[in-house]
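Q: Dropping the sequence and predicted coords here.
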Amino acid sequence: MILKIGSKGTVVKEIQSLLVQIGYNPGPIDGYYGTKTFKAVRSFQKDNNLTPDGIIGPNTYTVLEKFLKGYDIYYVQKGDTLWKIARNYYTTVGKIIAANPGIDPDNLYIGQRLTIPYGIDLIDTKIDYTYEILKRDIEGLKARYPFIEVGVVGKSVLGKNLYYIRLGTGKNEVFYNAAHHALEWITSPLLMKFTENFLKSYTDGKILRGYNLDQIWKESSIYIMPMVNPDGVNLVLNGLDPSFPYYNNLIKWNKGSKDFSKVWQANIRGVDLNHNYPAKWQEGKEAEEALGIYGPGPTRYSGPAPLSEPETQAVVNFVKQHDFRLTLAYHSQGQEIYWDFENMASAEARKIGEAFAKATGYELAQTYGITSYSGFKDWFILEYRKPGYTFEVGLGKNPLPIEQFPMIYQNNEEALLLASII
Ligand SMILES: [Zn+2]
């Protein structure tokens with residue numbers, strides 16, 4: 001990969017945002033490699049003993065990538081102390097200890113292999129959150145916090161991993177998922193940032209919004225699936241490449257347009273994953289046909305059969321392997337929380353929904369018509385008669401601008417904590 005003046009895209013945006021975090025000025029974080037980005041890269045190269053040509057080739061990228069991964073591997077040298085290493089990496093002794101379980105700070109030995117997390121946060125919430133970024137962030141979290149459980153629930157149509165992260169070791173299991181809908185990818189960094197903030201506070205022994213994280217860790221297991229539809233998210237964010245499987249079909253399904261960035265909610269086969277669950281699926285099918293939807297497309301096509309897609313199959317299998325007390329499915333937008341399905345939800349589910357409404361400032365609401373069939377929440381309530389919620393974060397038109405992220409995070413952090421113990 002070579003990035004230079006004139007390059008554009010999600011990777012440029014990601015590097016611009018990183019340069020800001022580590023003290024350079026690449027101009028606006030807009031995904032366009034202009035002269036300011038060129039100058040910032042050149043300064044970075046000078047500071048890191050790289051050829052200062054302002055071009056990101058393999059050598060410069062290798063150094064940048066360590067920062068993107070959020071950690072470096074270091075071998076202890078003569079005279080090192082953790083404090084000294086921490087200072088050289090602009091990080092803290094506490095962060096190094098968390099990343100190296102069992103380490104004895106008073107007995108380092110020469111040649112000892114250490115994982116050193118950089119002082120900066122890992123999850124960047126100012127950028128287009130592609131699958132590749134998610135994947136690297138999950139690897140980075142696992143390096144920084146090796147005690148977490150990370151796994152793969154299944155694979156997408158194009159073979160991407162459907163990751164999960166588990167926080168806690170307790171018996172009370174809850175499940176949060178995000179980005180069933182491609183345009184709603186802002187919900188992926190929401191769950192990832194929550195994961196990072198939880199782990200930061202937990203390892204520092206701090207409380208978070210008044211919640212005792214030690215207690216949550218012991219009593220609960222929070223299973224987080226941050227991106228249910230990675231193929232769709234990447235199609236929205238990176239666009240369509242001629243080498244792409246389904247290239248011609250996708251254009252046809254998108255009514256002849258090559259622009260997927262403002263309309264595409266489905267997976268890569270044009271199936272709307274949140275209409276593909278076996279919860280009044282047939283009624284949903286009739287409703288969509290009344291709207292003129294008879295096949296794959298950007299939104300609302302429920303597929304040839306319930307659970308026809310590997311992504312929904314993986315989610316259902318995962319749920320079946322657990323005993324979830326409740327589930328949260330993250331979507332955008334509307335600042336609403338849906339809590340019922342066909343009057344099957346209990347009075348307790350409504351009460352919990354009211355507590356979430358209070359914590360978020362969102363409205364507790366019912367769904368009607370086509371949106372009320374074959375969703376993940378609908379299936380969970382129908383199958384288990386336990387509390388299941390759809391959170392619609394943010395306001396405006398999808399895809400929501402990333403500038404809404406801080407507000408969305410503020411609205412949801414407490415509910416994400418509360419859901420693990422309520
Ligand atoms: Zn949605």
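A: Structure received.
Q: Tell me the secondary structure at the closest residue to the ion within the stretch 301-422 of the chain.
A: Per C-beta to the ion, residue 331 is where the stretch 301-422 of the chain lies closest to the ion, at 3.3 Å. For the C-beta atoms, the positions are set from N, CA and C on the backbone; glycine is no exception. Classification of residue 331 by DSSP: H, G, I helix; E, B strand; the rest coil places it in strand.
Q: For it, give me the pLDDT.
A: On the pLDDT scale, residue 331 is placed at 98.
Q: can you tell me how far it sits from residue 228?
A: 11 Å (C-beta to C-beta, to the nearest Å).
Q: Now for these two: what residues contact both?
A: residue 180 (C-beta atoms under 8 Å, 6 or more residues apart in numbering).
Q: for the ion, what are the nearby residues on the chain?
A: Contacts of the chain with the ion, taken as C-beta under 5 Å from the ion, map to 181, 184, 331.
Q: ok so, going back, who's in contact with the residue of the stretch 301-422 of the chain closest to the ion?
A: Taking C-beta under 8 Å, 6+ apart, we find residue 331 in contact with 180-181, 184, 187, 274, 390-393.
Q: re the thing from before, and of the residues of the chain next to the ion, the nearest to residue 324?
A: Closest approach between those and residue 324, by C-beta to C-beta: residue 331, at 18.4 Å.
Q: For residue 339, give me its contacts.
A: Applying C-beta under 8 Å, 6+ apart, we find residue 339 in contact with 345, 349-350, 352-353, 364-366, 387-389.
Q: The residues you listed in helices, which ones?
A: 349-350, 352-353 (DSSP state H).
Q: can you tell me which two in the residues you listed are farthest apart?
A: Going by C-beta to C-beta, the pair spanning the ones in helices among the contacts of residue 339 furthest: 350 and 352, at 7.4 Å.
Q: more crowded one of the two?
A: residue 352 (21 against 13; other C-beta atoms under 10 Å).
Q: what residues are up against that one?
A: Applying C-beta under 8 Å, 6+ apart to residue 352 gives the contacts 326, 339, 387, 422.
Q: got a pLDDT number for it?
A: At residue 352, pLDDT is 98.
Q: measure it to residue 195 for me?
A: In terms of C-beta to C-beta, residue 352 sits 22 Å off from residue 195.
Q: circling back to that earlier point, and of the contacts of residue 331, the nearest to residue 79?
A: Once C-beta to C-beta is applied, the member of the contacts of residue 331 that ends up nearest residue 79 is residue 187, at 47.4 Å.
Q: Check the contacts of residue 352 and tell me the two furthest apart.
A: Spatial extent of the contacts of residue 352 (C-beta to C-beta) is set by the pair 339 and 422 at 12.9 Å.
Q: The contacts of residue 331 in helices, which ones?
A: Counting by DSSP H, the part of those found in helices is residue 187.
Q: And the buried ones among the contacts of residue 331, selectable in ChimeraX?
A: Entered in ChimeraX, the line below selects the buried ones among these, by 16 or more other C-beta atoms under 10 Å:
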select :180,181,184,187,274,390,391,392,393
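Q: Residue 41: what's it in contact with?
A: Residue 41 touches 15, 19, 26, 54-56, 60, counting by C-beta under 8 Å, 6+ apart.
Q: Just the ones in strands from those residues, please.
A: With DSSP state E as the criterion, strands contain none of the contacts of residue 41.
Q: Just among the residues you listed, which is most surrounded?
A: The most crowded member of the contacts of residue 41, judged by other C-beta under 10 Å, is residue 15 (28 neighbours).
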